[in-house]
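**Student:** I would like to see how this sequence folds:
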Amino acid sequence: MIVRTWYGRAANAANADAYTRHLEQSVFPKLGQIAGHRGAYLLRRDLDGHVEFLVLTMWESMDAVRAFAGDNPRIAVVEPAARAVLAEYDTTVNHYEVALSTAPSR
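**Tutor:** Here you go, the predicted model:
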């Protein structure tokens, strides 16, 4: 399994809530339709007046990642709706191979 990680930051709680809704209503449902997608997490923390996000998506292989991200999977996929509410975000992502897990397998 591959975990894809990405970071973003919203300047305030209202924009953070808008970003959360965008993922819940648009991005996560689309990911669920891609063969090889194995789930996603949105991690959030409020910090000194802004909100940080860490997005983790799980994939069965790098081929599955490419089905989502295209030929250069290191480039972040950031939709215009996300760009509109985030003050800062990574333009690249990282991929990690899961070496050990206690999560139930599918």
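
**Student:** so which strand or helix has Ser22?
**Tutor:** Just to correct that, residue 22 is His rather than Ser. Secondary structure assigned from DSSP states H and E places His22 in helix 13-22.

**Student:** ok, then the element right after that helix?
**Tutor:** Next element after helix 13-22 (DSSP H and E): helix 28-31.

**Student:** From the contact counts, what lies against that following helix?
**Tutor:** strand 37-47 (3 or more C-beta pairs under 8 Å, 6 or more residues apart in numbering; DSSP states H and E). To be clear about C-beta, it is placed using only N, CA and C from the backbone, and glycine gets the same treatment.

**Student:** Quickly run through the sheet partners of the strand it packs on, with directions.
**Tutor:** Here strand 37-47 has these sheet partners by DSSP bridges: strand 50-59 (antiparallel).

**Student:** returning to what we had before: dump the helix holding His22 to CSV, keeping only the CA atoms.
**Tutor:** This file holds the C-alpha atoms of helix 13-22, laid out as CSV (Å, rounded to 0.1, in the frame of the first residue of the first chain):
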residue,chain,number,x,y,z
ALA,A,13,-11.9,28.8,10.5
ALA,A,14,-14.5,29.7,7.9
ASN,A,15,-12.0,28.9,5.0
ALA,A,16,-11.0,25.7,6.8
ASP,A,17,-14.6,24.6,7.0
ALA,A,18,-15.1,25.4,3.3
TYR,A,19,-12.1,23.3,2.5
THR,A,20,-13.4,20.4,4.6
ARG,A,21,-16.8,20.6,2.8
HIS,A,22,-15.0,20.6,-0.5
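
**Student:** ok, residues contacting it?
**Tutor:** Here helix 13-22 makes contact (C-beta atoms under 8 Å, 6 or more residues apart in numbering) with 8, 10, 42, 44, 46, 51, 53, 79, 81-82, 85-87.

**Student:** Ok, stretch 53-72 next?
**Tutor:** 1-10, 16, 19, 23, 31, 34-44, 73, 75, 77, 93, 95, 98.

**Student:** buried residues in it?
**Tutor:** Neighbour-count burial for stretch 53-72 flags 53, 55, 57-59, 64-65, 68-69 (criterion: 16 or more other C-beta atoms under 10 Å).
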